[in-house]
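3D, please:
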Amino acid sequence: MNDKQKAQLEEQIEELESVRGRHTELVTVLIPVDFNIHSVTKQLEAERSTADNIKSKQTRSAVTDAIDLIVRTLKNTKKTPPNGLALYAGNVSEKEGVQDMKLWAIEPPKPLRIRMYRCDQTFVTQPLKDMLQTDEVFGLVVIDRQEATIGLLEGKQIKVLRHLTSGVPSKVRAGGQSSQRFHRVTEGLAKEFFRRTSEAMKELFFDLPRLKGILVGG
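All right, here's what the predicted structure looks like:
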């Protein structure tokens, strides 16, 4: 996904998330890669029959009109696009009792893997939002004897996850046995600090499925 596609998808998601239904009247239809588009059309025609039983006349009209809008679009679509298809339809009017039906047909920039039909007060956009995530991330660790910073590199963005300090004094002024004793204490503090840092790295990085590698500097 290039920058232009990402910006376009972000804009579409923002627009979809700005719409709120008065009832469960906004229809989301997600068609995954290689799924038969005619099967979805048949399912929606069956769902439309079910929607005819909705008690509220206003909600019933909004849902059936949204389904009809999507079905007409699918009948004019010969086959599922290469990355699947996300369809959203509903009444976007802010005036009570007034209908302003709108349809969004989005061919996502990445493969859509989930199949869904849902009526709700909001559109289901999470599968599209997941596509905005960078495919690969790198862990970043900058460390010395005094402090450590752990972060993530996602695309061009760096996110700081945790900052740790060691408490190890930076200079030794004592001499003789005091110096040796001081050295042992500081080495112990340093080892404990490195252990805490490694435990933090394990906690923060272990369950990241997109983690490609870890870059360490100091």
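
and residue 183, how many residues sit next to it?
12 (other CB atoms under 10 Å). Yep, even glycine has a C-beta here, placed from its N, CA and C like the rest.

neighbouring contacts of stretch 155-164?
134, 140, 147-152, 193, 196-197, 200, 204 (CB atoms under 8 Å, 6 or more residues apart in numbering).

Are any of those buried, and if so which?
Buried by 16 or more other CB atoms under 10 Å: 140, 147-148, 150-152, 193, 197, 200, 204, out of the contacts of stretch 155-164.

can you map out the strands along this protein?
26-31, 85-91, 101-106, 116-120, 137-143, 147-154, 157-165, 211-217 (DSSP state E).

Neighbouring strands of the longest one in the sheet, and parallel or not?
Pairing partners of strand 157-165, with direction, according to DSSP bridges: strand 147-154 (antiparallel).

follow-up on the earlier one: would CSV of the buried ones among the contacts of stretch 155-164 with pLDDT and distance to residue 185 be doable?
Formatted as CSV, these follow (pLDDT from 0 to 100; distance: CB to CB, whole Å):
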residue, pLDDT, distance to residue 185
140, 96, 30
147, 94, 18
148, 96, 20
150, 97, 26
151, 96, 30
152, 93, 34
193, 93, 13
197, 96, 19
200, 96, 23
204, 94, 29
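
List just the nearest of those residues to residue 107.
Nearest to residue 107 among these is residue 152, at 29.8 Å by CB to CB.

Please look at the closest one and residue 140 and confirm they touch.
Yes. Judged on CB atoms under 8 Å, residue 152 makes contact with residue 140 at a distance of 6.6 Å.

domains of the protein?
The chain is divided into the following domains under automatic domain parsing: 3-131, 137-217.

what about stretch 24-35, how long is it end to end?
One end of stretch 24-35 sits 26 Å from the other (CA to CA, to the nearest Å).

Not counting it itself, show me its contacts.
By CB under 8 Å, 6+ apart, stretch 24-35 touches 19, 37, 40, 44, 59, 62-63, 66-67, 70, 80, 82-91, 111-124, 127.
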